[in-house]
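Chemist: structural data only, the sequence is not supplied:
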DNA sequence: TCACTTTCTTACATTTCGTCACAATCGAGA
DNA sequence: TCTCGATTGTGACGAAATGTAAGAAAGTGA
């Protein structure tokens, strides 16, 4: 799951969603999924659709899943990405309120909702962990609408790139050179931008030597400080050209 | 809490946040607050600030509370409004991640988080209800970022007005003629618009005879169909002038 | 290697919204 | 009732994002 926080941090650094509460050492929820059946999906396979009766809760093992809605006007709004380790469908509602589809070959575990709730009744640790995840999700959604509502196109892109980098850090992967896991149009639909604007913003960042690109997917975050400044809304867009001059 | 859903509805009408799950007849959570101490606050009094240790969960009895963040750039982002019946601070995190302040004389009940969690351990109905509220909150936050990200200024205003109307309906109040509970600048900070744009959009709606205003707060939703069309993003803004001509 | 598709980039015209400056309105308290 | 101050409304202007349309680059498969 991608999250962001470009707003003022409180004194201690309890804001980044990954830190809302310390992960308990015993992961009871993970245990529920440990022996769950695994499904292997190809790219672009649907997991479920909006309006389906919610029967299962999923956990992504590998690959990537897109959580999205199709709006009245036909546009697609990506609500979230689910990457390895993320859960899908934990909220309590009788029907799924969004579509889910893989964007890459994906291995996924599923546990029936009923089973999970039974576990929750027996083990309060499970309840705590679900609360924690839901709380984090609220925080993520709020952070996302701050990103959407308050940041310029370039700021949103910066936020997105930093979220990917932070995610990689958490998983001890390279957070400077990595592959973008999604296409430009997915980024656009996630950040409420047009593909063209995404493209333009990336070019701008490249020109300012804040990032560099090899091909379409391989990216290098060359100036993380500048990205953070952009993601914090501290710089207006023409300040990007300041970085450019400095470089 | 104000919510919206301008995206495509699934076949059944399970999307509006108020309908995520049917309200259980027994409201265990309400019971927890029934005998909780009541505080009377004046307008513009803070309830708590971002970064405070979360000690209590609140329920608004009367009045109105603003949930907001102050961003790095000094802007205020209103995350939510809490009106009578709404809970504040239910998410599980050791610190409050936002500020809360009254905007009107407000009566509020508070229960300590510890007490609430103890209740939750003993009574699974409480757990269910909290899950439900959190799920609704996720849905609300997501709906809100669709509103912010995808709708024009007028569409956002329309969504906001409809949310107020629906809220009044739920409480069996007048959903056509009512008082705006907040100032223009609060609407602006909630919808990520400037005060001027809020003002202009309201004027536009008034000119198109979709709404009418008496003074600054009293509003009448004259053409709800048009509002819904705008909130659904079905109309581009110059279509407002079509309604104007028709009227 | 070549043809072909998908994905991405760029340029230009247009639109929307924010900013600034100032006028008008409301309503609380004298 | 009147006055004052906070709030709201309006117009002009510029900056930023979008849509359109055309074209380039990367990937795909024979």
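Modeler: Ah, there it is. Predicted model, so just to flag it, every value in this text is computed and none were measured.
Chemist: counting by contacts, list what the helix or strand containing residue A:204 packs against.
Modeler: For residue A:204, the enclosing helix or strand under DSSP states H and E is helix A:195-207. On a contact count with 3 or more Cβ pairs under 8 Å, 6 or more residues apart in numbering or on different chains; DSSP states H and E, helix A:195-207 meets helix A:153-170, helix A:184-191, strand A:211-214, helix A:240-246. Just so you know, the C-beta spots here come from the backbone N, C-alpha and C atoms, and that holds for glycine as well.
Chemist: tabulate the ones you listed (JSON lines), appending distance to chain B.
Modeler: Rendered in JSON lines, the data for the helices and strands packed on helix A:195-207 read as follows (distance: least, Cβ to the nearest Cβ, whole Å):
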{"stretch": "helix A:153-170", "distance to chain B": "10"}
{"stretch": "helix A:184-191", "distance to chain B": "8"}
{"stretch": "strand A:211-214", "distance to chain B": "22"}
{"stretch": "helix A:240-246", "distance to chain B": "16"}
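Chemist: the helix holding residue A:204 - what's its average pLDDT?
Modeler: In this model, helix A:195-207 carries a mean pLDDT of 96.
Chemist: repeat for stretch A:132-147
Modeler: If you average the pLDDT values across stretch A:132-147, you get 92.
Chemist: is DNA strand C contacted by that stretch?
Modeler: No: applying Cβ under 7 Å from any atom of the strand, one finds stretch A:132-147 out of contact with DNA strand C, separated by at least 13.8 Å.
Chemist: returning to that earlier point: quick one: the helix holding residue A:204 to helix A:184-191, angle?
Modeler: With axes from the mean of the first three to the mean of the last three Cα atoms, to 10 degrees as the basis, helix A:195-207 and helix A:184-191 are set at 100 degrees to each other.
Chemist: ok, and what's touching helix A:195-207?
Modeler: Outside helix A:195-207, the residues within contact range by Cβ atoms under 8 Å, 6 or more residues apart in numbering or on different chains are A:153-154, A:156-158, A:184-185, A:187-188, A:191, A:193, A:211-213, A:227, A:237, A:240, A:244.
Chemist: pull out the buried members of these.
Modeler: In terms of neighbour count (16 or more other Cβ atoms under 10 Å in any protein chain shown), the buried residues within the contacts of helix A:195-207 are A:153-154, A:156-158, A:184, A:187-188, A:191, A:193, A:211, A:227, A:240.
Chemist: list the buried residues in the helix holding residue A:204.
Modeler: Judged by neighbour count using 16+ other Cβ under 10 Å, the buried positions of helix A:195-207 are A:197, A:198, A:201, A:202, A:204, A:205.
Chemist: most widely separated two among the residues you listed?
Modeler: Comparing every pair within the buried residues of helix A:195-207 by Cβ to Cβ identifies A:197 and A:205 as the most remote, at 12.6 Å.
Chemist: before we move on, the earlier item: so which of the buried ones among the contacts of helix A:195-207 are also by DNA strand D?
Modeler: Residues shared between the buried ones among the contacts of helix A:195-207 and the neighbourhood of DNA strand D are A:153, A:154, A:193 [Cβ under 7 Å from any atom of the strand].
Chemist: out of those residues, flag the one nearest to residue A:95.
Modeler: residue A:193 (29.4 Å).
Chemist: what's the closest non-adjacent residue to the closest one?
Modeler: Across the structure, with Cβ to Cβ, 6 or more residues apart in numbering or on different chains as the measure, the residue nearest residue A:193 apart from its sequence neighbours is residue A:153 (5.5 Å).
Chemist: now do the same for that neighbour: its pLDDT.
Modeler: At residue A:153, the model reports a pLDDT of 96.
Chemist: try residue A:5
Modeler: The predicted structure scores residue A:5 at 46 on the pLDDT scale.
Chemist: over to the one 5 residues further on?
Modeler: Each residue has a pLDDT score; the one for residue A:10 is 35.
Chemist: kindly report the same for the one 3 residues further on.
Modeler: At residue A:13, the pLDDT value in this model is 28.
Chemist: check contacts around the residue nearest to residue A:190 when sequence neighbours are not counted.
Modeler: Distance criterion Cβ to Cβ, 6+ apart; nearest residue to residue A:190, sequence neighbours excluded, is residue A:78 at 4.1 Å. Under the criterion of Cβ under 8 Å, 6+ apart, the contact partners of residue A:78 comprise A:66, A:67, A:68, A:186, A:189, A:190.
Chemist: closest to DNA strand C out of these?
Modeler: Here the nearest of the contacts of residue A:78 to DNA strand C, counting by Cβ to the nearest atom of the strand, is residue A:186; it sits at 7.6 Å.
Chemist: how many other residues sit next to that closest one?
Modeler: By other Cβ atoms under 10 Å in any protein chain shown, the residues close to residue A:186 number 20.
Chemist: may I have the phi/psi pair for residue A:71?
Modeler: As for residue A:71, its main-chain torsions (degrees, to the nearest 10) stand at phi -80, psi 170.
Chemist: relative to residue B:211, how far out is it?
Modeler: For residue A:71, the distance to residue B:211 (Cβ to Cβ, to the nearest Å) stands at 24 Å.
Chemist: how about the residues of chain A near DNA strand C?
Modeler: Where chain A comes near DNA strand C, counting by Cβ under 7 Å from any atom of the strand, the residues are A:183, A:184, A:185, A:195, A:196, A:198, A:199, A:200, A:202, A:203, A:213, A:216.
Chemist: please redo it, this time with the cut-off set to 10 Å
Modeler: For chain A, the contact set with DNA strand C under Cβ under 10 Å from any atom of the strand comprises A:43-44, A:103, A:149-150, A:180, A:182-188, A:194-204, A:206-207, A:213, A:215-217, A:236.
Chemist: all helices for chain A, in order.
Modeler: Using DSSP state H, the helices of chain A run over residues A:28-34, A:113-122, A:124-150, A:153-170, A:184-191, A:195-207, A:224-231, A:240-246.
Chemist: indicate which one of the ones you listed is closest to residue B:143.
Modeler: With Cβ to Cβ as the criterion, residue B:143 lies closest to helix A:124-150 of those, at 9.4 Å.
Chemist: so where is chain A shaky, pLDDT-wise?
Modeler: In the predicted model, chain A carries pLDDT under 70 at residues A:1-26, A:235-247.
Chemist: now do 80
Modeler: Counting by pLDDT under 80, chain A has low-confidence residues at A:1-26, A:234-247.
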